[in-house]
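# Here is my input; please provide its structure:
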Amino acid sequence: MAGRIPQQFIDELMTRIDIVEVIDTRVPLRKAGREYTACCPFHDEKSPSFTVSQQKQFYHCFGCGAHGTALGFLMEYEHLDFVEAVHELAGQAGVQVPVQAVSKDSAPQGSKDLYGLLEQAADFYCRQLRDSKHAQPAVDYLKNRGLSGEIAAHYAIGYAPPGWDNLLQALGAGNNSTLQTQLAKAGLLIEKDGGGYYDRFRDRIMFPIRDQRGRVIGFGGRVLGDDAQGRAIAKGSASVAGDTTPGMEEVESRREQRARVSGATAPKYMNSPETPLFHKGRELYGLYEARKALRTIDRLLVVEGYMDVAALAQHGIQYAVATLGTATTRDHAERLFRITPTLVFCFDGDRAGREAAWRAVENVVPVMHEGRQANFLFLPDGEDPDSLVRKEGGTTFEARIAQASPFSSFFYDNLIKQINISTIDGRARLVELARPLLSNLPEDVFQHMMVARLAEIVRMETTQLMKILKQARPKSKLPLEKSSAKRAIKIKAPLQKSQVRIAIALLLQHPGLAMQAGDLTRFSGFHIPGMDLLVSLLQMLQTHPHLNSGALLERWRGTPESQHLMRLAQWQHLLPEENWEAEFCGALDGLYVQGIEQCKESLLDKSRNGELTAEDKHELQRLFALQTRMKPSQGTV
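Here you go, the predicted model:
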């Protein structure tokens, strides 16, 4: 049954965590008066404009406008959804996230959770590796690769048996069109041209891919033997089992014929397609398992294959992760650097491996902040991590890792191979080749040292070269991931100060002021813009006086008022803090006077038209009497 996180838990979590601690572990902060500052992690800047308020439990960048609570920061910085951010904060606070059951009546029939379906599929594949009569070749393959049952269980390696509808039938989706649609959405089924579905993965060793919370979000499947042989086995086994699907053999036959004509060879590995949960340009195989196995991670080894990760773990190297059939992206690098300051990229020593390494350089450059290291390890020709670690063992392989080339060495060695630096023309060309990449390095000590190294190579003074590199700096041609592109800086007109806005801003920053508001029924019937929101905030805080600023803002997440409240939470008040209570009470008194005047004028308008009832006349007399008696305190507006 699906569930949701209770609001009470979120409130308590927001009161337990400290936004300064949350952000400081990811972006080092410096104390500046009562607040903390840093260069904004969401856009490039030379001087700090990113501030974090411990009192308000709120962050704000005066440069790009980024702002929010600790939860909002994690969602933006770590690319998490709301639930993932709650779990991350709960882990940091050392508490377990409870889940409230949602009744079946509140959810559409058949709308099973995609995470749940993928987890069921992973369990099915694990059982098949153990129980299927067709699994022996897969078991033999894994044993020949030296994998133990313990490692296979650690990575939940499984097997998809041959046949067209094994998973369909196992998950009860054979005649359930709604469930079939959900399984296809999860990337587990393929829709047939004539309608209906069939299993995407057949006769393959299966590697579940997990997100940082350990949930299965996709799969990688490796064929046994070459792909044509694998399909032949799948057909034959399906026929033996009486498991054929009409028309599918013809479809596969046509695909094989096209492949033979084009001379293409199908890849050994098949990944899940892009789904609402799975985006291969952001995910890494083995990262969850590495974090689960190791308390601290001093470095991460980035390899290219699922079996590389498993084989290295078998030999005691439990800090390997693999990209999913793509080059290392900027999102990959950012995510890994948040876990460890040192990355080691491992590639084959051939031309393709070095080209892949250079693509990694291009995407790592923008996130190479001071203190981060990226090293490059190239293996002997014909070897991959899986084969090499089985030959020489984990200790020798780790010695290779320790001797990996530093970023600076690989960077300049690769560029120098393209030119003749013994000539002036060659050295000038080297500067031009390095310029766009160096300009994308964060402006810190590492960039300065990289420029100093270039100056040494081309026989120039560092200061002179730095000036040249900064002149007419060309726009970077590096591909930026969509989610990592620079934030567009928008200058918003400041909100004009009204009594409602003053009261809300003070309340957001000092929730305890709500206890000074008194009886809220006195504001009933007022039609002042923003009054309903102010009263709602006051009611919330009088009912839940333990809420802090962050928890209060989170209560309004996803509502039309959310952005308005975020902007008001940033307001800087000119009065000393000891005067804020008087300012708040003065604003409420002013609103009360304004509301009474508004109601009185409305009734007088009705009187001019001769529309007053006896009840209206009595109310008008009451309002005149109130105005006569009132001498409200005045707040500074």
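
# just the strands in the stretch 1-150 of the chain please.
Listed in chain order, the strands of the stretch 1-150 of the chain (DSSP state E, counting those that start in this stretch) span 3-4, 30-32, 35-38, 50-53, 58-61, 67-68, 100-101.

# Which residues does the second one contact?
Judged by Cβ atoms under 8 Å, 6 or more residues apart in numbering, the contacts made with strand 30-32 from elsewhere in the structure are 36-38, 48, 51. Quick note: C-beta positions are derived from backbone N, CA and C, even for glycine.

# hang on, the earlier thing: need the strands of the stretch 1-150 of the chain in TSV with mean pLDDT, can you?
Formatted as TSV, the strands of the stretch 1-150 of the chain follow (pLDDT from 0 to 100):
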stretch	mean pLDDT
strand 3-4	65
strand 30-32	89
strand 35-38	91
strand 50-53	91
strand 58-61	89
strand 67-68	88
strand 100-101	58
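
# out of those strands, which comes closest to R222?
Closest to R222 of those, according to Cβ to Cβ: strand 3-4, at 34.7 Å.

# can you tell me which residues contact A170?
Contact analysis of A170 by Cβ under 8 Å, 6+ apart lists F124.

# okay, it: pLDDT?
Note on A170: pLDDT of 90.

# repeat for the one 10 residues further on
Looking at Q180, its pLDDT is 88.

# Isn't it up against D199?
No. Between Q180 and D199 there is no contact under Cβ atoms under 8 Å: 11.1 Å.

# Common neighbours of the two, please.
Common neighbours of Q180 and D199 (Cβ under 8 Å, 6+ apart) are 168, 189.

# More neighbours: those two, which one.
Shown here are Q180 and D199; by other Cβ atoms under 10 Å, D199 has more neighbours (23 against 20).

# wait, Y592 sits on F523?
Yes. With contact defined as Cβ under 8 Å, Y592 counts as touching F523 (7.0 Å).

# Report the set of residues contacting both of the two.
Between them, Y592 and F523 share no contacting residue under Cβ under 8 Å, 6+ apart.

# Determine the three-state secondary structure at Q542.
Following DSSP: H, G, I helix; E, B strand; the rest coil, the label given to Q542 is helix.

# again, but for V302
For V302, the assignment made with three-state DSSP gives strand.

# residue boundaries of the strands in the stretch 151-300 of the chain?
Taking DSSP E, counting those that start in this stretch as the criterion, the stretch 151-300 of the chain carries its strands at 158-160, 189-191, 197-199, 204-210, 216-223, 269-271, 300-303.

# Going by mean pLDDT, which of those strands comes out lowest?
Of all the strands of the stretch 151-300 of the chain, mean pLDDT reaches its minimum on strand 269-271 (a mean of 88).

# so what does it touch, helix or strand wise?
Where contact means 3 or more Cβ pairs under 8 Å, 6 or more residues apart in numbering; DSSP states H and E, strand 269-271 is packed against strand 216-223.

# the bottom helix or strand of this protein by mean pLDDT?
Least confident helix or strand of the chain, by mean pLDDT, DSSP states H and E, is helix 227-240 with a mean of 41.

# Mind jotting down where the strands sit in the stretch 351-500 of the chain?
With DSSP E, counting those that start in this stretch as the criterion, the stretch 351-500 of the chain has strands spanning 373-379, 405-406.

# hmm, who's touching the shortest one?
In other words, strand 405-406. For strand 405-406, contacts defined as Cβ under 8 Å, 6+ apart pick out 373, 375-378, 413.

# What remains of these if I keep only buried residues?
Listed as buried from the contacts of strand 405-406 are 373, 375-378; burial here means 16 or more other Cβ atoms under 10 Å.

# Leaving out chain neighbours, which residue sits closest to I151?
Once flanking residues are discounted, I151 sits nearest to Q314: 4.9 Å by Cβ to Cβ, 6 or more residues apart in numbering.
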